[in-house]
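Asker: Provided below for reference: sequence and predicted model.
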Amino acid sequence: MSTPDPTRDIEAATQRVRELSEQVVEQAKKNGLAWMEGYERVLKDLLDLEEQAAKGTGAEWAGTLATAHANFVRDTSEVLFSAMREQLKT
């Protein structure tokens, strides 16, 4: 009969926890990327709708304002999403 080795048991448990933690982090990154890509698509669709609705009013100023707003949101969100994507990939 062998004697229990608490050090070996602790090391084995620590290794299992480390491996599980790595799996959790990797899955969280994948989920984060999927959520962000979905959010990007929804944002794009909403901005397109905003522009179409404003142009549909027949008021030129409304279309111009909506296009300026949509372009601002697209440009700023592109920078934000790009930075987030890089962080999630590392």
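Answerer: All right, it came through fine.
Asker: all contacts plus neighbour counts: C-alpha atoms, from now on.
Answerer: Noted.
Asker: go ahead and flag the most central residue of the protein.
Answerer: Nearest to the geometric centre of the chain sits M36, at 2.9 Å (Cα atoms, centre = their mean).
Asker: quick one: the closest residue to that one other than its chain neighbours from R16, how far?
Answerer: Nearest non-adjacent residue to M36, counting by Cα to Cα, 6 or more residues apart in numbering: F81, 7.5 Å away. Counting by Cα to Cα, to the nearest Å, the separation of F81 from R16 is 34 Å.
Asker: quick one: which of those two has more around it?
Answerer: Neighbours were counted for F81 and for R16 using other Cα atoms under 10 Å; F81 has more, 16 against 12.
Asker: I'd say that one and L33 touch.
Answerer: No: between F81 and L33 there is no contact under Cα atoms under 8 Å: 9.7 Å.
Asker: mind listing the strands for this structure?
Answerer: Shown for the chain, no strands are assigned by DSSP state E.
Asker: name the residues of stretch 15-31 that are buried.
Answerer: K29 (16 or more other Cα atoms under 10 Å).
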